[in-house]
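# Below is the structure, and that's it, no one-letter string:
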């Protein structure tokens, strides 16, 4: 039995020992322990080193607000987590833990030299130090100081665990299952409403678990809690433990992070480690209680100094006495009960030092009864002890005057500076706060929520229970339901009040006092006052200058103390200085929980075509295009990308290539006004396009810039088969729907996305026609020239056949219902064998189209390119009265000289240009040079030399001129040419 | 109190492929929807999400001027619709191959859906359907029974949706 | 994540089903060719950028409809939503 464990006491299972290690040493705890409670049971208070000064630190709390006892935990490869709070991490068999921020060991740490040099590390250290000299940035500040900073070490391996997500819709969400939350849930559940009660702890009951002597309705507190949880379960209330409400968002959306496996010896196979719940609640009841404040005095961070309420929790929940001879320093009545309970469990309480002059008579009686000395009107001026507190110096005080003190021997010091309502979630909603003279309380609400219990400043179980029940009832009424009010009889209640302080007065040199406010970021009272002296006026500036409240605990313990001291230094009331903003998450939350399922294979949505499986089986290398993955090229054994693409290009130009074009966007435009709609949307004229023919269509925005393009077939007078770019499909459909619904609702025409109805296979090459003809039925080949379309059958499959070309060779696109896509592909591959049919990917498609000067919207255009800029004036129906973007084509800046225009580029040395490279006219001009354009497309080609396209100011007037492309390894020279590098007269299409 | 037992249950949520069916997208102005309904032999519902079935054909109202018609493969709805085209101009587009359909069922099917559907699926009345999102994919979710759903997914999105469903099934099987 | 009331579906549904679509009540001129360059520029580019109640458009993925909304850009709260084509409601109507 560990020395500080009281046999039989607490909610831990004394019959179930659990072994774990801390810094390599094996300890024994009990099932139900946290790492902190188990270490304390073994007499270990020293659990870590502080961030800046490397001061030895112990657990100061027993909950999620813990700033000091941060440890690394691990469970095998990839399962290391830094900065876990020892006060939250439950014991599990074989748990491996380690302390942080120490070297070589926790008890002897070299970095503690910082503590001796603390004068150098005062408020604003970073701002003052990192100013000069500039050359120190790279050599000193970043590597050395940044390296020494930071808490815990980051894991280096991928996290092998699963994380889950869940949406939940509930009528009433109660956050916090202490007395107020339980009472609220009972009230809300009575009319059949869907109620969810969540608590961040492994067990529900809140402070009642630390106050077992309280009686409610004639039952001891723990029995009462068990009975009420049973009632809630029976009423169908969803009870969720180990579930932290991390953020409160618009319209009662609350984020909950549920920890599922960290406490288990062996997690079930496939179980997620954590689950993020996104809850939409009709009503929210905030019943998160209050957080105890430390007192601010020299040496208040020594191991063994902890919050009085934490000691009470360790005693009752875990059966752990935090010391044999505790001393108490308090400004609130609640610490007396902690002292009494410890005394009743066999501890010898050295003294209760109370900053207040007047103490409640019943508390004085209770102390007298237990033989505890009470020093009222006293302060603690310092503590002593190296790795653990050994004594505390108590001195009488009158205002800021301190009398002669005396040392009181102790092995721990329990402190209480009163209680701060947990306002974090309420503040997430931008609810306003009101100052009541001692602390901030929730005031004006912005959401449908209720705040109950200690979370709005109440103290004592009778008041808190009644308040919880009333809040639950109000939530129910907010849903338009009714319920009955409930009453609770409380015996042995523990009411209390307290006083608030800035740092406590000291008889020592105030300049040397190490009175900590923010334990985790090592911010002292002196730092706050220095910040004010140096000109910080707003609490937001004080915060950033000192880093008070900026650690992982977000100042749960430090914000109010920091504010009190800053206000004092400024001579203002705290509300005039303001409170810093609380932001989600309430407690540190793993990245995994935020990612949920969106990692690995499901990291993001990846669309696959019906032919994707064939491509994969045939060795395709894929590239992402919009949400799709597309076959990029099909390397054969020994081929690199360049060789494969060149082979695919040549095979297509020489004989026959086959390409999966299924990702092309397709829109069915149907209805009596289809042609009118097409005339209004696209630049081209459509009225005279006969059924069975197709046309290149160009789509602009109202600003006159190119948005999309594609070949559009007219299948019948009322029916157009529109194709869009792969990436533009959804955008174009939305744009068309927008015009139709909101500008031209009178038109009788409708749009349907058929992108995925059809699998599309492109055939290109001089043998395309010969190969395809025998497979097609229903096409009159005598009247099926380039730019024709027909509904027919191909290889026995119902098809829409387009004769068009994006390569400059004779080409077809065969559309068949998607389920037949793979069948069609394999049939064409078979039929193409005599022609050495060659599958090609998007890279070859790009090369072949670039050789012909066909643009890719989004690559050769960037949202500032007009049809004229791209050399596509021919596609604009100038006789049309109006179309989307037409008016913009005559705007002054669109018709002005010097616009960037799309041209071809051929390098003088035959080298390949880089896409995105900037172009200048004079490479010898002083920097910064005037850039006149950039390379938009650049490829090796089948022509024996690389080709490129570029947008260049006044490019059309620069044909034959030389331009310059400065690159890191030298300036390239290139000649401006036409964008059509191959078969400018289209002779191959007419073949 | 702090140690919990875990219950493992099989087949909490079942995912099955459904055979292809005829699916048509019908777009017609509300003023003409009754004429179209008459031609097709059913009253086109007018509330978004409502379904009406008659003679093997089911119509789901997806929007004020949009219906999804489903019927056994081979059903000819195009001919009767074309007959009223002049009086009730409309668009009737075969989208049978655009989506694939899954059946999702089992006692934990609502949890399966709640993993990735932000909409309150539990509140969907049986016999309705909704176009909504599952993770980042747009899907049509049909509720055929308290624990019986169908999901239509654009074909290319299906691998992503299936992979997510499989992950959640594993999570449900683990019992946590 | 907001809940947005779709005036066509007559239901309040999660924001993930909706897409923002710019400021509302900016109609495309019936005959753009009659507009001066300045008028056309204003139509293209000049927006209210309201601090506070803002008339704007959203599209609902479920019914596919564009609709209008009045949203307070300070509080990010919807004051009301209404169907496309309906006249711009006055602020006091939205408050009721």
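Okay, I see it. Since this is a predicted model, take the numbers as computed values, not measurements.
# now the strands for the stretch 751-900 of chain A?
A:758-764, A:776-777, A:788-794, A:797-803, A:811-817, A:838-839, A:900-907 (DSSP state E, counting those that start in this stretch).
# Show me how far the first one is from its chain's centre.
Meaning strand A:758-764. 41 Å (CA atoms, centre = their mean, to the nearest Å).
# Those residues of chain A touching chain C, which are they?
Residues of chain A lying close to chain C (CB under 8 Å from any CB of the partner chain) are A:249-251, A:253, A:278, A:280, A:430, A:446, A:702-703, A:734, A:737-739, A:741-743, A:745, A:881-882, A:886-888, A:891-892. Just so you know, the C-beta spots here come from the backbone N, C-alpha and C atoms, and that holds for glycine as well.
# quick one on the thing from earlier: tell me which of the strands of the stretch 751-900 of chain A lies nearest to residue A:582.
Residue A:582 lies closest to strand A:900-907 among the strands of the stretch 751-900 of chain A, at 49.5 Å (CB to CB).
# how about the one residue in the stretch 101-250 of chain A that gets nearest to chain C, phi and psi?
Using CB to the nearest CB, the closest approach of the stretch 101-250 of chain A to chain C is made by residue A:250 at 5.3 Å. Note on residue A:250: backbone dihedrals following degrees, to the nearest 10 are phi -50, psi 150.
# What's the local residue count around it?
18 (other CB atoms under 10 Å in any protein chain shown).
# distance of it from residue C:71?
11 Å (CB to CB, to the nearest Å).
# before we move on, what about residue A:35?
In terms of CB to CB, residue A:35 sits 48 Å off from residue C:71.
# what about the two, which has more around it?
residue A:35 (27 against 23).
# Helices of the stretch 751-900 of chain A, start to end?
A:768-772, A:821-831, A:842-851, A:892-895 (DSSP state H, counting those that start in this stretch).
# Dihedrals phi and psi, the residue nearest to the residue of the stretch 101-250 of chain A closest to chain C when sequence neighbours are not counted?
Nearest residue to residue A:250, sequence neighbours excluded (CB to CB, 6 or more residues apart in numbering or on different chains): residue C:2, at 5.3 Å. Note on residue C:2: its backbone torsions stand at phi -80, psi 160 [degrees, to the nearest 10].
# who are the neighbours in contact with residue C:2?
A:250, A:251, C:14, C:15, C:76, C:78 (CB atoms under 8 Å, 6 or more residues apart in numbering or on different chains).
# filter those residues to the buried ones?
A:250, A:251, C:14, C:15, C:78 (16 or more other CB atoms under 10 Å in any protein chain shown).
# Return the member of these nearest to chain B.
Looking across the buried ones among the contacts of residue C:2 and measuring by CB to the nearest CB, the closest to chain B is residue C:14, at 3.9 Å.
# Surely that closest one is in contact with residue B:119?
Yes: the pair residue C:14 / residue B:119 is scored as a contact, 6.0 Å apart, by CB atoms under 8 Å.
# Extract the residue ranges of chain A that are flagged as low pLDDT.
For chain A, applying pLDDT under 70 flags the ranges A:1, A:120-121, A:125-150, A:991.
# Residue A:213 and residue A:221 touch, don't they?
Yes: Residue A:213 lies in contact with residue A:221 (CB under 8 Å); the separation is 7.3 Å.
# Quick one: residues contacting residue 25.
Unless you meant another one, I'm taking chain A. No contacts exist for residue A:25 under CB under 8 Å, 6+ apart.
# other chain: chain C
Residue C:25 neighbours (CB under 8 Å, 6+ apart): C:55, C:68, C:88.
# what's the answer for residue A:45, then?
Per CB under 8 Å, 6+ apart, neighbours of residue A:45: A:39, A:58, A:59, A:303, A:304, A:322, A:387, A:388, A:412.
# so which of these comes closest to residue A:597?
Nearest to residue A:597 among the contacts of residue A:45, with distances taken as CB to CB, is residue A:59, at 35.3 Å.
# Would you check that the closest one makes contact with residue A:70?
No: Residue A:59 is beyond contact range of residue A:70, at 10.0 Å (criterion: CB under 8 Å).
# Single out the residue in chain A that lies closest to chain C.
Counting by CB to the nearest CB, chain A gets nearest chain C through residue A:887, at 3.6 Å.
# and that residue, what is it in contact with?
Counting by CB under 8 Å, 6+ apart, residue A:887 has contacts A:702, A:704, C:32, C:33, C:35, C:40.
# between those, which has the most around it?
residue A:704 (24 neighbours).
# tell me the contacts of that one?
A:866, A:885, A:886, A:887, A:888, A:889, A:891, A:894.
# Format these as a markdown table; extra columns: distance to residue A:461.
Listed next are the contacts of residue A:704 as a markdown table, based on distance: CB to CB, whole Å:
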| residue | distance to residue A:461 |
| --- | --- |
| A:866 | 75 |
| A:885 | 71 |
| A:886 | 76 |
| A:887 | 74 |
| A:888 | 72 |
| A:889 | 77 |
| A:891 | 74 |
| A:894 | 75 |
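# still on that earlier bit, show me the contacts of residue A:887 that map onto helices.
Those of those mapping onto helices are residue C:40, per DSSP state H.
# Present the contacts of residue A:887 as TSV; the columns should include distance to residue A:844.
Formatted as TSV, those follow (distance: CB to CB, whole Å):
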residue	distance to residue A:844
A:702	36
A:704	33
C:32	42
C:33	44
C:35	46
C:40	43
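# just the strands in chain B please.
Using DSSP state E, the strands of chain B run over residues B:14-17, B:22-28, B:51-54, B:57-63, B:66-71, B:90-94, B:99-105, B:129-134, B:137-145, B:148-154.
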